[in-house]
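Student: Sequence and predicted structure, then a few things I'm wondering about:
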Amino acid sequence: MKHILMLPLAALAVLSAAVVIGGTTPKTDSPADRELRKKLTPLQYTVTKEDGTELPFQNKYWDNKHDGLYVCLISGEPLFSSKDKFDSGTGWPSFTKPLTPSAIEEKTDFKLGIPRTEVRSVKGGSHLGHVFQDGPAPTGLRYCMNSAALRFIAAADLEKEGYGKQAALFGKTPTGKEKSSKATERAVLGAGCFWCVEEIYEAVPGVLRVTSGYAGGSEPNPTYKDVGAGRTGHAEVVEIEFDPSIVSYGKLLDVFWKTHDPTDARGVSPDFGSQYRSLILPNSPQQAEVARQSKTGAQKGLGRPIATEIKDLETFYPAEAYHQDYVKNHPDDPYVRNVSQPRLQRTNLPAILDEPAPAKN
């Protein structure tokens, strides 16, 4: 049975504010953890990975009254609905229940010397807050969450953000992604962090849609956490839907070679590890042949051999919704400002696309 502390709201607020500086969870230094530190703000990391608590009344969502979903900052898993949010008077976003009970886990927490029930995201493995038995009807519960562990998606943006299934909660009918009436093809490429690669290819004329995801490994249904830990063999890749009457598969590969160092087997700077390896995944014999010829042409003039792997695509797994259009949705993210945006700015797409194809042997 869970041990849940029964205290007045004011007392709980004081206790929670006391740990705002940070949590007590020891810091780790794994490759996945170092990557996460680059992509989160210090406060977001302290809350989600060190079990910290943000200040009351000085956080993003405590007074948010808009309709929409609150999803896990790390995994993008839907956690809470605005329909279950209420003003608890504590200065933190509070909910009467989770959207899906299986999306969270609860565990007894003695960090303040008294038993409380901690709430964590199952898929993201992140600390969210605590639940108390002093909420309103019908549940009598108060899920007191940290804004820094959540991302809010307005009801009007749910389908665009990949949460079409939840749109019905707010009286909206999911329509699905818009389909092109033209015959399209798809390409799957890996050139480092998929946030950066997605942003580059979305700027290419003739590209209709770019989806960040995972491929190239053996484990089914990989998660960002598993791929980052190197347990699946998958790499971060993008699936590019394109109109071949406007841009060819070969031209997409020209962009591929010119936007990263394909000779570095460690990954794509500043991100190293097998999940960031240079990778081309053809989905047809024709694409495989174009890829091999393109690699041969790209090798000319390079001082070191190209390390890019070419292997047939087996399955492409879309990444969590949180990762889609990340650069556009998080322009102030430190990684986006310091890595993604400069990488796009260094890419001279008009010059690349106007170049003649590399000569064949």
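Tutor: Received, thanks. Numbers count the residues shown, from 1 in each chain.
Student: would you list every one of the helices in the protein?
Tutor: 9-17, 31-39, 42-50, 194-202, 224-228, 249-258, 285-299, 326-329, 334-335, 341-345, 349-354 (DSSP state H).
Student: Mind listing what's buried along stretch 192-205?
Tutor: If you call a residue buried by 16 or more other CB atoms under 10 Å, then stretch 192-205 has these buried ones: 192-202, 204. Yep, even glycine has a C-beta here, placed from its N, CA and C like the rest.
Student: so which pair among those is furthest apart in space?
Tutor: Of all pairs drawn from the buried residues of stretch 192-205, the widest gap by CB to CB lies between 193 and 204 and measures 17.7 Å.
Student: ok, back up a step: pick the most buried one from the helices of the chain.
Tutor: Of those, the one with the most neighbours on average (mean count of other CB atoms under 10 Å) is helix 194-202, at a mean of 24.
Student: Among the helices of the chain, which comes closest to residue 160?
Tutor: Going by CB to CB, the one of these nearest residue 160 is helix 326-329, 10.0 Å.
Student: Quick one: the helices of the chain as TSV, columns for distance to residue 215 too.
Tutor: Below are the helices of the chain laid out as TSV (distance: least, CB to CB, whole Å):
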stretch	distance to residue 215
helix 9-17	42
helix 31-39	18
helix 42-50	27
helix 194-202	11
helix 224-228	10
helix 249-258	15
helix 285-299	14
helix 326-329	18
helix 334-335	22
helix 341-345	21
helix 349-354	24
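Student: between those helices, which gets the lowest average pLDDT?
Tutor: When these are ranked by mean pLDDT, helix 9-17 comes last with a mean of 40.
Student: The most centrally placed residue in the chain: what's it in contact with?
Tutor: Residue closest to the average C-alpha location in the chain (CA atoms, centre = their mean): residue 323, at 2.8 Å. Residue 323 sits next to 76, 194-195, 212, 224 when contact means CB atoms under 8 Å, 6 or more residues apart in numbering.
Student: Retrieve the pLDDT associated with it.
Tutor: Taking residue 323 on its own, its pLDDT is 86.
Student: Same question for residue 56.
Tutor: For residue 56, pLDDT reads 96.
Student: Can we start the residue count at 627 from this point?
Tutor: Sure, I'll start counting at 627 from here, so that last one is residue 682.
Student: between the helices of the chain, which gets nearest to residue 794?
Tutor: Among the helices of the chain, helix 952-955 sits nearest to residue 794 (CB to CB), with 22.6 Å.
Student: Off-centre distance for that closest one?
Tutor: Taking CA atoms, centre = their mean, to the nearest Å, one finds helix 952-955 lying 10 Å from the centre of the chain it belongs to.
Student: Same question for stretch 864-873.
Tutor: Counting by CA atoms, centre = their mean, stretch 864-873 comes out at 23 Å from the chain centroid.
Student: Out of the buried residues of stretch 818-831, flag the one nearest to residue 944.
Tutor: The nearest member of those to residue 944, counting by CB to CB, is residue 820 at 10.6 Å.
Student: The closest one contacts residue 860, correct?
Tutor: No. Look at residue 820 against residue 860 with CB atoms under 8 Å: they stay out of range, at 11.2 Å.
Student: how far does stretch 824-842 stretch from start to finish?
Tutor: By CA to CA, to the nearest Å, the extent of stretch 824-842 from end to end equals 17 Å.
Student: Can you give me the pLDDT of residue 782?
Tutor: Reported pLDDT for residue 782: 89.
Student: May I see the buried residues of stretch 779-787?
Tutor: 779, 781, 784-785, 787.
Student: mind checking how far that stretch is from the chain centre?
Tutor: The answer for stretch 779-787 is 16 Å, by CA atoms, centre = their mean.
Student: and what of stretch 848-859?
Tutor: 13 Å.
Student: now the buried residues of stretch 818-831 as JSON lines including distance to residue 957?
Tutor: Shown next, in JSON lines, are the buried residues of stretch 818-831 (distance: CB to CB, whole Å):
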{"residue": "818", "distance to residue 957": "19"}
{"residue": "819", "distance to residue 957": "16"}
{"residue": "820", "distance to residue 957": "17"}
{"residue": "821", "distance to residue 957": "12"}
{"residue": "822", "distance to residue 957": "14"}
{"residue": "823", "distance to residue 957": "17"}
{"residue": "824", "distance to residue 957": "14"}
{"residue": "825", "distance to residue 957": "11"}
{"residue": "826", "distance to residue 957": "16"}
{"residue": "827", "distance to residue 957": "18"}
{"residue": "828", "distance to residue 957": "14"}
{"residue": "830", "distance to residue 957": "20"}
